[in-house]
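1. Compute the structure for the input listed below.
(one chain, ligands or ions: 2)
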Amino acid sequence: MTSLLQQIIPGQQVTGPEFPDYDVLQGCIRCGRCLPVCPTYQETTLETMSPRGRLALLRAVEDGKLDLTSSIADYLYHCLDCRACNTVCPPGVPIGELILDGRAAYAVKAGRPWWARIALDRFLTSARAMEPVMRMARLYQRLGLPRVVRPVLRALKGRHPAFHTLFHMEGLLPRLPSQPLHARLAEVTPAQGERRYRVGFFLGCMMSQVLADVSQATVRVLTRNGCEVVTPPGQVCCGAPHDDQGNKRMARDLARRNIDLFARYQDLDVIVADCAACAGMIKEYPHLLRDDPVYYPRALAMARRMRDVSEWLAEVLDDAVPLAEVRCTVTYHEPCHLANAQGVREPPVRVLRRIPGLELRPLPDSTRCCGSAGIYNLTHPEMADRLLEDKVRKIAGTGADTVVTGNPGCLLQIQMGVREHGIPVRVRHLTQLLDEAYARAESSRAR
Ligand code: SF4
Ligand code: SF4
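-> Numbers count the residues shown, from 1 in each chain. Ligands and ions are numbered 1, 2, ... in the order given. Sure thing, here's the model as predicted:
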């Protein structure tokens with residue numbers, strides 16, 4: 001049996017960034033601390049579905065003891081990339097990143113599935129590139145087809161995995177905006193009152209095309225707090241879906257394009273995103289481009305300016321801008337790519353506590369993945385369903401009437417979960433609740 005590097009390019013020692021670094025893989029001391037926090041291990045109790053087990057598989061491949069087969073790739077792709085393991089590993093092994101490197105190595109060896117080459121490489125490269133597909137989705141909703149199609153897919157989902165995936169795709173889609181946000185948001189939105197900051201806005205593809213109302217609320221909240229919001233036209237996808245699905249080359253290409261674009265705006269205090277996955281990915285650009293001597297320092301500069309919107313608001317929320325009471329009981333679901341990947345846990349809670357009238361109720365296992373995990377809920381709907389069911393049960397157990405989170409995938413997944421389980425809970429982004437509190441204060445002042 002040959003080593004992983006030889007399997008990919010026979011007879012040649014390759015040390016490209018696509019391959020899990022052997023020395024880093026060796027860092028695992030097999031202590032097992034990562035097992036109890038890994039959702040796929042919790043659900044299956046299989047060592048090969050644990051962080052430690054996945055690293056052991058990769059190491060066996062690199063040692064030449066195993067071939068990099070589709071069944072090994074299957075264990076790698078069953079990982080949610082939730083990074084819960086990274087937060088507890090005593091020697092600090094970057095487990096999630098190594099697993100993604102393993103997927104990329106498999107993609108180099110065996111190629112990528114046709115659907116990924118079409119859906120991700122052609123359409124999910126920017127909000128603009130998504131437009132033809134989204135136009136059809138908007139038409140589908142306008143014609144009232146969900147009323148007919150949804151019950152049919154629900155009845156068929158147990159018959160074949162393809163129906164299960166279609167059921168998820170259809171169920172995840174909220175009422176779409178008539179126009180994506182990138183098409184109507186000005187490059188510069190002035191601050192309300194005195195300008196205190198100039199903030200770059202990274203408008204994620206999903207936020208623009210699917211959750212435009214949320215990002216519109218984000219911009220309003222920022223401007224009320226003295227931020228001039230600059231949304232550079234020509235932004236492309238952050239690259240997270242491509243990195244997640246083994247296409248490092250495209251992830252790096254997209255990263256370089258965003259780095260070049262935002263480098264033209266040197267006077268920005270920070271760059272903000274209201275999508276935890278985008279902010280998390282941009283903070284990982286230095287890792288993605290670590291072998292690129294030209295772009296590595298630029299990636300570092302962009303990552304240092306990057307903030308999740310909750311981090312930034314916790315810092316700059318202006319006491320002089322009144323917030324009205326929002327009487328509701330709220331529980332907070334922590335997105336994996338905010339809590340685990342970025343280590344941002346306190347800021348969203350601090351912001352929520354600033355809203356008068358809001359009662360915060362703790363959510364058990366608040367950092368446990370909801371099953372969304374990028375496109376995991378489409379590629380692995382059964383495991384995603386199990387995780388979603390657990391999440392919805394815990395949300396219902398808090399008795400809260402509102403669940404707040406900060407990532408589009410989580411918003412859509414939990415929205416689908418509470419609807420399917422008939423739980424009367426509204427699902428909101430943090431900035432939507434803030435926006436509501438500001439809007440109420442403004443309308444009571446106007447009366
Ligand atoms: S990233 Fe999440 S699912 Fe993947 S191995 Fe780590 S804990 Fe398990
Ligand atoms: S916690 Fe880290 S060192 Fe311990 S078994 Fe898991 S990956 Fe290995």
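2. can we go C-alpha only for contacts and neighbour counts from here?
-> OK.
3. helix, strand or coil for the closest residue to R307 other than its chain neighbours?
-> Closest residue to R307 apart from its sequence neighbours, by Cα to Cα, 6 or more residues apart in numbering: V272 at 4.9 Å. Following DSSP: H, G, I helix; E, B strand; the rest coil, we place V272 in the strand state.
4. ok, V272 touching G204?
-> No. Assessed by Cα atoms under 8 Å, V272 is found out of contact with G204, at 10.7 Å.
5. quick one: low-confidence parts of this protein?
-> 1-18 (pLDDT under 70).
6. Quick one: name the residues of it near ligand 2.
-> Where the chain comes near ligand 2, counting by Cα under 6 Å from any ligand atom, the residues are 28-34, 51-52, 89-91, 93.
7. List the contacts of the residue nearest the centre of the chain.
-> Closest to where the C-alpha atoms of the chain average out (Cα atoms, centre = their mean) is A277, at 2.9 Å. A277 makes contact with A240, H337, L338, N407, according to Cα atoms under 8 Å, 6 or more residues apart in numbering.
8. again, only using 6 Å
-> By Cα atoms under 6 Å, 6 or more residues apart in numbering, A277 lies in contact with H337.
9. Just the CA trace of the helix or strand where it lies, in PDB.
-> Using DSSP states H and E, A277 sits in helix 276-283. Extracted in PDB, the C-alpha atoms of helix 276-283 (Å, rounded to 0.1, in the frame of the first residue of the first chain):
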ATOM      1  CA  ALA A 276     -21.200  33.600  11.300                       C
ATOM      2  CA  ALA A 277     -20.000  31.200   8.600                       C
ATOM      3  CA  CYS A 278     -18.700  34.100   6.400                       C
ATOM      4  CA  ALA A 279     -17.000  35.900   9.200                       C
ATOM      5  CA  GLY A 280     -15.500  32.600  10.400                       C
ATOM      6  CA  MET A 281     -14.200  31.800   6.900                       C
ATOM      7  CA  ILE A 282     -12.700  35.200   6.400                       C
ATOM      8  CA  LYS A 283     -10.900  34.900   9.700                       C
END
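10. Quick one: name whatever helix or strand follows that helix.
-> Per DSSP H and E, the first helix or strand lying C-terminal to helix 276-283 is helix 285-288.
11. Which residues does the helix or strand following that following helix contact?
-> Tracing the chain C-terminally past helix 285-288 and defining elements by DSSP H and E, one meets helix 295-305 next. Residues from elsewhere that reach helix 295-305 (Cα under 6 Å, 6+ apart): V270, I271, I282, K283, Y285, P286, L289, R290.
12. quick one: which of the residues you listed is most hemmed in?
-> I282 (28 neighbours; other Cα atoms under 10 Å).
13. Would you mind measuring from the closest residue to that residue other than its chain neighbours to G234?
-> Excluding the flanking residues, the one nearest I282 by Cα to Cα, 6+ apart is A303, at 5.8 Å. Distance from A303 to G234, counting by Cα to Cα, to the nearest Å: 19 Å.
14. which stretches of this structure form strands?
-> Here the chain has its strands, by DSSP state E, at 188-189, 197-201, 227-230, 270-273, 306-308, 328-332, 358-361, 402-405, 426-429.
15. out of the ones you listed, which comes closest to ligand 1?
-> Among those, the nearest to ligand 1 by Cα to the nearest ligand atom is strand 402-405 (18.5 Å).
16. Burial check on E315, number of neighbours?
-> 12.
17. Please read the previous query as pertaining to G200.
-> So G200, with other Cα under 10 Å, has 27 neighbours.
18. sorry, back to before: dump the contacts of helix 295-305 into TSV; add distance to ligand 1 as well.
-> Below are the contacts of helix 295-305 laid out as TSV (distance: Cα to the nearest ligand atom, whole Å):
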residue	distance to ligand 1
V270	28
I271	26
I282	18
K283	17
Y285	18
P286	19
L289	21
R290	21
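19. How much space separates the residue nearest to the centre of the chain from V214?
-> From A277 to V214 the distance is 15 Å (Cα to Cα).
20. Equivalent analysis for Q415, please.
-> 14 Å.
21. same thing with W312?
-> For W312 relative to V214 (Cα to Cα), the value is 17 Å.
22. How about G422?
-> 23 Å.
23. which of the two has more neighbours?
-> Counted by other Cα under 10 Å, G422 and V214 do not tie: V214 has more neighbours, with 22 against 9.
24. Quick one: residues contacting the nearest residue to A384 once chain neighbours are set aside.
-> Leaving aside its sequence neighbours, A384 sits nearest to G371 (Cα to Cα, 6+ apart; 4.1 Å). G371 sits next to A384, L387, L388 when contact means Cα under 6 Å, 6+ apart.
25. Just the buried residues out of these, in ChimeraX syntax.
-> To isolate the buried members of these in ChimeraX, using 16 or more other Cα atoms under 10 Å:
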select :384,387,388
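26. Let me know the closest of the contacts of G371 to ligand 2.
-> Using Cα to the nearest ligand atom, the contacts of G371 come closest to ligand 2 at L387, 21.3 Å.
27. who are the neighbours in contact with that closest one?
-> Contacts of L387 by Cα under 6 Å, 6+ apart are C370, G371.
28. Pretty sure D101 sits against P20.
-> Yes. Proximity of D101 to P20 meets the contact threshold set by Cα atoms under 6 Å, at 5.2 Å.
29. thinking again about what came up before, give me the number of residues near the residue nearest to R307?
-> 27.
30. and it, bridged to which residues?
-> Counting by DSSP bridges, V272 is bridged to F201, R307.
31. give the contact list for C275.
-> With Cα under 6 Å, 6+ apart, C275 has these contacts: N407.
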